[in-house]
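Engineer: here's my sequence, what's the structure:
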Amino acid sequence: MPAWTKNDERQYEAIRDQQIDDGKRTEKAKEIAARTVNKRRRTEGRTPNKTTMGTGNPNSGLEQRNVDELRNIARKLEIQGRSKLTKKKDLIRAIRKYRK
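Structural biologist: Numbering: from 1, shown residues only. Next up is the predicted model:
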């Protein structure tokens with residue numbers, strides 16, 4: 001993974017210090033700062049975004065979400081056997097069955 005630039009380091013330190021000043025624990029402040037810097041780097045295309053960690057737009061149906069988002073939903077719901085579900089329709093079926 002490409003190293004942070006000096007500008008990234010300055011932004012990280014500024015965000016970390018601001019979070020600490022706002023009363024956050026040091027470890028939490030470091031995490032927030034790193035996530036913020038990395039998100040900006042991904043947005044600028046300087047870091048590859050291989051998979052999503054989100055669950056998609058909550059206002060859209062399951063059919064409009066991609067397989068990675070459906071897997072994340074299944075993980076949050078703790079659906080057993082989800083790692084074996086590789087097809088979108090199987091994931092949707094399992095999520096709907098769990099929610100009933």
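Engineer: now do the helices in the protein.
Structural biologist: Here the chain has its helices, by DSSP state H, at 6-21, 26-43, 67-76, 88-99.
Engineer: packing partners of the first one?
Structural biologist: Contacts of helix 6-21 with other secondary structure elements, assessed using 3 or more CB pairs under 8 Å, 6 or more residues apart in numbering; DSSP states H and E, are made with helix 26-43. No exception for glycine: its C-beta is placed from N, CA and C like everyone else's.
Engineer: returning to that earlier point: need the helices of the chain in CSV with mean pLDDT, mean neighbour count and distance to Asn57, can you?
Structural biologist: Output for the helices of the chain, formatted as CSV (pLDDT from 0 to 100; neighbours: other CB atoms under 10 Å; distance: least, CB to CB, whole Å):
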stretch, mean pLDDT, mean neighbour count, distance to Asn57
helix 6-21, 96, 14, 27
helix 26-43, 90, 15, 18
helix 67-76, 90, 18, 9
helix 88-99, 93, 15, 15
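Engineer: first vs last residue of stretch 72-83, how far apart are they?
Structural biologist: Start-to-end span of stretch 72-83 (CA to CA, to the nearest Å) is 11 Å.
Engineer: and that stretch, how far out from the chain middle?
Structural biologist: Relative to its chain's centre, stretch 72-83 lies at 16 Å (CA atoms, centre = their mean, to the nearest Å).
Engineer: can you check stretch 28-42 too?
Structural biologist: In terms of CA atoms, centre = their mean, the centre of stretch 28-42 is set 12 Å apart from its chain centre.
Engineer: how about stretch 26-42?
Structural biologist: Centroid separation between stretch 26-42 and its chain, computed with CA atoms, centre = their mean, is 12 Å.
Engineer: ok, and what's touching it?
Structural biologist: With CB atoms under 8 Å, 6 or more residues apart in numbering as the test, stretch 26-42 has contacts from 4, 8, 11-13, 15-17, 19-20, 24, 47-49.
Engineer: for Asp17, what are its contacts?
Structural biologist: When contacts are counted by CB under 8 Å, 6+ apart, Asp17 touches Ala29.
Engineer: perfect, that will be all.
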